[in-house]
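[1] can you look at this prediction? I've put the sequence above it.
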Amino acid sequence: MNATESLQSLRGRKVFVTGHTGFKGSWLLFLLDRLGARVTGYSLAPPTSPSLFEAAHLVDLVATHHEADIRDTPRLTAAVRAAEPDIVLHLAAQPLVRLSHREPLDTFSTNVIGTASLLDAVRQAGKPCVLISATSDKCYEPHADGRPHDEADRFGGHDPYSASKGAAELVAAAYRTSFFAPARLREHGIQLATVRAGNVIGGGDWAEDRIMTDIVRHLVAGEPVPVRNPAAVRPWQHVLEPLTGYLSLAAAMLAEPAAKWCAGWNFGPAADDDITVQQLTEIFIAAWGKGCWKDIHDPRSPIETHVLRLAITKSLAGLPWRPRLSSREAIHRTATWFRAFEADPSSARSLCLADIEAYEQAEAAAPLATPGVSI
């Protein structure tokens, strides 16, 4: 069974999504709609202008739309109770590293207290469900040698954003131990997993300080693209990769409730698919058709991890999921999406649907790797 086939078990399910107006949340709405799920969304207003949620008119795909803060615990708890979800997907967050340096308290409040608020809302609702909380590849204490992080690595972070994501993992672990113990799953019925991905790219991400946003803005203006850390290595992946991974995990948890799912899971690119920021920029510019870039590295800027990689052996072995797109393919598709949107801003929905259909065809053309073998 491949990932697309396994997701059919989500058809007709009630799904509660936090952060559904954001970039990843918007793409998730497309996937859930294709599966026939009934979605309740809970989020602040779209965080950017333009936003994919508004450009693609995605409110049409949400059965119930709550525009509210996840730190409003009474309102969130009431919304979860009313939704009676089979699946809860927690994506709401303050997702920007550089913003976390300017607004550290809000970052910690949103990412740590917000996560606790959502987990406690599920606890108070008391309905058996699959609960998946998304953190980040940056939740881990950085490795000095650049080796890939696996799920057993310790949490940490040298900046407020990364530390807040490590702390969110600790919050989830505490709730799992105290209230959703895997050993007592038959008693409470709540399976809690965390998922870690990052450096996600794709059409429709206009967030501040995102590399794709910066590239597009400067190319449209006919200006050189400023690159802060050209030699930095990141696990770049198209947004459909981790989202399909999250849904594959949810489907597995629904099909076979078990303690083995109640843990952390990494979703990233293939082990040998390393791309630097400079390479990403050059591939994007080539796909765009014109432009150039310039190095604006400033040693006084906030410290960012130079090399960040994720080990995905566990997800490859345990789930019907694998990366379908190379980093180069993901970058090319993202550039193509933005170029088409610039030409026709009314095309956001059709562009996303075309990318999803092509992604499904990519799986059909490339069968799953042998479980446990890195690709």
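    Arrived safely, thanks for sending.
[2] ok now the host helix or strand of residue 341, how far from the chain's centre?
    Secondary structure assigned from DSSP states H and E places residue 341 in helix 327-343. Relative to its chain's centre, helix 327-343 lies at 18 Å (CA atoms, centre = their mean, to the nearest Å).
[3] tell me which strands and helices that helix is in contact with?
    Other elements packing on helix 327-343 under the criterion 3 or more CB pairs under 8 Å, 6 or more residues apart in numbering; DSSP states H and E are strand 200-201, helix 211-220, strand 237-238, strand 275-276, helix 277-288, helix 348-365. (C-beta placed from N, C-alpha, C; glycine too.)
[4] buried ones in that helix?
    Neighbour-count burial for helix 327-343 flags 327-341 (criterion: 16 or more other CB atoms under 10 Å).
[5] follow-up on the earlier one: can I get the helices and strands packed on helix 327-343 in JSON lines with mean neighbour count?
    Below are these laid out as JSON lines (neighbours: other CB atoms under 10 Å):
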{"stretch": "strand 200-201", "mean neighbour count": "25"}
{"stretch": "helix 211-220", "mean neighbour count": "19"}
{"stretch": "strand 237-238", "mean neighbour count": "28"}
{"stretch": "strand 275-276", "mean neighbour count": "18"}
{"stretch": "helix 277-288", "mean neighbour count": "19"}
{"stretch": "helix 348-365", "mean neighbour count": "16"}
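[6] show me the one of those that comes nearest residue 96.
    Shortest distance between residue 96 and those, using CB to CB, is found for helix 211-220: 10.6 Å.
[7] just to revisit the earlier point, what sits up against the helix holding residue 341?
    The contact list for helix 327-343, computed with CB atoms under 8 Å, 6 or more residues apart in numbering, reads 55, 201-204, 212, 216, 220, 236-238, 241, 269, 273-275, 280, 283-284, 287-289, 325, 347-348, 351-352, 355, 358.
[8] quick check: mean pLDDT of it?
    Helix 327-343 shows a mean pLDDT of 96.
[9] how about stretch 132-140?
    On average, stretch 132-140 scores 96.
[10] now that stretch - C-alpha only, PDB.
    Taking Å, rounded to 0.1, in the frame of the first residue of the first chain, the C-alpha atoms of stretch 132-140 are listed here in PDB:
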ATOM      1  CA  ILE A 132      -0.400  15.200  16.200                       C
ATOM      2  CA  SER A 133       1.500  18.200  17.200                       C
ATOM      3  CA  ALA A 134       4.000  19.800  14.700                       C
ATOM      4  CA  THR A 135       7.200  21.300  16.100                       C
ATOM      5  CA  SER A 136      10.300  21.800  13.900                       C
ATOM      6  CA  ASP A 137      13.600  20.400  12.800                       C
ATOM      7  CA  LYS A 138      15.100  23.100  14.900                       C
ATOM      8  CA  CYS A 139      13.700  21.600  18.200                       C
ATOM      9  CA  TYR A 140      17.000  19.600  18.500                       C
END
